[in-house]
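Quick one: sequence and predicted model below, then my questions.
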Amino acid sequence: MEISLHNQVAVVTGASSGIGSGIAKSLASAGATVIVNHSSERSIEEAKAVLKEITDAGGQGMIYQCDVSKEDQVISMFSEVIAEWGTVDILVNNAGIQKDARITDMTLDQWNAVIGVNLTGQFLCAREAIKEFLRRGIDPARSIACGKIIHISSVHEIIPWAGHANYAASKGAVRMLMQTLAQEYGADKIRVNSICPGAIQTPINQNAWNTPEALSALLTLIPYNRIGQPLDIGNLAVFLASDFADYITGASIFVDGGMTTFESFSTGG
């Protein structure tokens, strides 16, 4: 089975590193034109490096700086991408942050920052993408679907996470946002799904895997006994964006090595 996303334009938010960069490169390898979104001047060099890797491999795309929690910036991003490339076919809502604290120590700024990027950002980008999907309509030369949205959620949309109430709340809400959009726009042939990663080896969770002791402790939570890689997420994103996944919508798909089977109970709890 060879998956082709040729003639399709994909916006990947938070694509300058980690899971987002893996998804961007995977979509590009399948033929999509990829917009590598990054949030600030601090991440511009990383975004350029991701785009260079894509173009060196024969792909195409562009980088675009946008804080997805800011409505005006999201509107401008979609407007400029559509002006440059004609339309948007695929949105991967990946941008996410953590601001960890126990609830009694968590500030309102920490709460709002995480909800702003992880939830409001996904709403804003999905809204603009759906507007464009509906404007363009179905183009069979591109896809049998009108458009595809992939939300990047987390195993913590169903696993509580002490010390991370803002993050877990944002991911639980992403699940309901995704399902509601899938229900609301299914008749328009817009497919909306979530990928829910477990422990993936990225800079955001470096403390969980950068020493043998930390990695060993982490693996006690993972029945498959390895940490995930960005490519594990990228491979699924390519499939979900393709016509092979045309009857999949409203689904949360966990890519976690079995973490959601709760490995700690394997010996009776």
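Yes, it's here. Numbering: from 1, shown residues only.

ok, how many other residues are close to the closest residue to residue 8 other than its chain neighbours?
Nearest in space to residue 8, with sequence neighbours left out and distances taken as Cβ to Cβ, 6 or more residues apart in numbering, is residue 89 at 4.0 Å. Yep, even glycine has a C-beta here, placed from its N, CA and C like the rest. Residues near residue 89, counting by other Cβ atoms under 10 Å, number 26.

measure stretch 109-123 end to end?
According to Cα to Cα, to the nearest Å, stretch 109-123 extends 20 Å from its N-terminal end residue to its C-terminal end residue.

Report the buried residues of that stretch.
110-111, 113-123 (16 or more other Cβ atoms under 10 Å).

for those residues, which one is nearest residue 259?
Closest approach to residue 259 among the buried residues of stretch 109-123 (Cβ to Cβ): residue 118, at 19.3 Å.

Which helix or strand contains residue 150?
Here residue 150 is covered by strand 147-152, with elements defined by DSSP states H and E.

What ranges in the chain fall below the confidence cut-off?
Low-confidence segments of the chain, defined by pLDDT under 70: 269.

Would you map the strands across it?
Under the criterion DSSP state E, the chain carries strands at the ranges 9-12, 33-38, 61-65, 90-93, 147-152, 190-197, 252-255.

Could you dump the ones you listed into CSV and include mean neighbour count and distance to residue 220?
Written out in CSV, the entries for those read as follows (neighbours: other Cβ atoms under 10 Å; distance: least, Cβ to Cβ, whole Å):
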stretch, mean neighbour count, distance to residue 220
strand 9-12, 29, 32
strand 33-38, 28, 34
strand 61-65, 19, 39
strand 90-93, 30, 31
strand 147-152, 27, 25
strand 190-197, 25, 18
strand 252-255, 18, 18
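
middle-most residue in the protein, spatially?
To find the centre residue of the chain, average its C-alpha atoms and take the closest one (Cα atoms, centre = their mean): that gives residue 94, at 2.7 Å.

Roughly how far does residue 162 sit from residue 208?
In this structure, residue 162 and residue 208 are separated by 15 Å, where distance is defined by Cβ to Cβ, to the nearest Å.

Neighbour count: these two, which is higher?
For the pair residue 162 and residue 208, the greater number of neighbours falls to residue 208 (16 against 8), based on other Cβ under 10 Å.

wait, what's in contact with the residue nearest to that one when sequence neighbours are not counted?
Ranked by Cβ to Cβ, 6+ apart and with sequence neighbours excluded, the top spatial neighbour of residue 208 is residue 218, at 5.1 Å. Contacts for residue 218 (Cβ atoms under 8 Å, 6 or more residues apart in numbering) come out as 199, 208, 209, 227.

For the third one, give me its contacts.
For residue 209, the contacting residues are 199, 201, 215, 218, 227, by Cβ under 8 Å, 6+ apart.

where's the closest residue to it other than its chain neighbours relative to residue 65, distance?
Taking Cβ to Cβ, 6+ apart, and ignoring the residues beside it in sequence, residue 209 has residue 215 as its nearest neighbour in space, at 4.7 Å. Residue 215 sits 34 Å away from residue 65 when distances are taken as Cβ to Cβ.

Okay, helices next: where are they in the stretch 101-250 of the chain?
Secondary structure of the stretch 101-250 of the chain by DSSP state H, counting those that start in this stretch: the helices cover 108-115, 121-136, 165-185, 212-219, 230-241.

Let's have these in a markdown table, adding distance to residue 44.
Formatted as a markdown table, these follow (distance: least, Cβ to Cβ, whole Å):
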| stretch | distance to residue 44 |
| --- | --- |
| helix 108-115 | 21 |
| helix 121-136 | 19 |
| helix 165-185 | 25 |
| helix 212-219 | 30 |
| helix 230-241 | 20 |
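
quick one: which of these is nearest residue 33?
Ranking these by distance to residue 33, with Cβ to Cβ as the measure, places helix 230-241 first at 12.4 Å.

Fine by me, we can end here.
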